[in-house]
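Participant: Build me a structure from this.
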Amino acid sequence: MSNRPRPLPLQPAPPPPGQPPIDPDATAKQQQQDDAEDWEAREQDRLLPIANVTRIMKKTLPENAKLSKEAKELIQECVSEFISFITSEGMHKSTGAKTKKRKTINAEDILWAMQQLSFDNHSDTMRVYLDRFREWQQAKTGKTAKRGGDRGDGSGDDPTSPTSDQGGSASASASASASGADPTAHAAAAAHMMQQQQQQFAQLMQQQQQQQQHHGYPPQQ
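Facilitator: Okay, the predicted model is just below:
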């Protein structure tokens, strides 16, 4: 056997003068705590903000009802997983073999995914919402284009000034009067269309509540 001395184990470097010695156990514990905090931060990035989830939950409860922290976190996990579930299914349609390998998932893909996953009641409700949202977008775009046309007649007014807005409205009313169109009739037709959409939406919500009661779920307030 060799009589060479065995190497001594490595020792931590001594602390700088004036500082307490370093505790290896405390250092390892602090590292574990930092790793746990990093994991929790990454997990929260995957979930919806719990404040938004809590606000939605409270809208369906009486004013005197309270929510536990466990209930909030459970719903937070559920809705985040639901969004990932629907989006993943919608991706199959946008990247399927029968499509042109689209890179964008649109609203139709989401509605298709909800139907494929047997969320027909929710997809019908979302269809009504999507139609109303698109009509609102078209009306907003048409209104913006009309204002731009009224301001493009050489008046040179500031689009952000109140006087320019009033002038554009006045010119639009004058054009409507000259062409024989009645602004009141247009407003009444728009109100009637909106009322029909609201009635359709209310009927869908009523059907959804009836089905929930049939399956034993409590009715929403």
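
Participant: Mind listing residues that contact stretch 82-96?
Facilitator: Stretch 82-96 has contacts (CB atoms under 8 Å, 6 or more residues apart in numbering) with 48, 99, 101-106, 109-110, 112-114, 116-117, 119. Every C-beta, even on glycine, is put in place using the N, C-alpha and C of the backbone.

Participant: if I look at T104, how far off is W136?
Facilitator: Distance from T104 to W136, counting by CB to CB, to the nearest Å: 21 Å.

Participant: quick one: low-confidence parts of this protein?
Facilitator: Low-confidence segments of the chain, defined by pLDDT under 70: 1-3, 7-15, 18-25, 34-44, 94-101, 148-221.

Participant: picking that back up, from the contacts of stretch 82-96, which is closest to Q31?
Facilitator: L48 (30.1 Å; CB to CB).

Participant: tell me, how many neighbours does that closest one end up with?
Facilitator: A count of nearby residues for L48, using other CB atoms under 10 Å, gives 15.

Participant: now do the one 5 residues further on
Facilitator: Counted with other CB under 10 Å, the neighbours of V53 add up to 21.

Participant: who's more crowded, T104 and W136?
Facilitator: More crowded of T104 and W136, by other CB under 10 Å: W136, with 10 against 6.

Participant: and the more buried one, what element?
Facilitator: Using DSSP states H and E, W136 maps to helix 120-151.

Participant: buried sites along that helix?
Facilitator: Buried residues in helix 120-151, defined by neighbour count with 16 or more other CB atoms under 10 Å: H122, S123, D124, T125, M126, R127, V128, R132, R147, D150, R151.

Participant: repeat for stretch 56-68
Facilitator: Within stretch 56-68, the residues scored as buried using 16+ other CB under 10 Å are M57.
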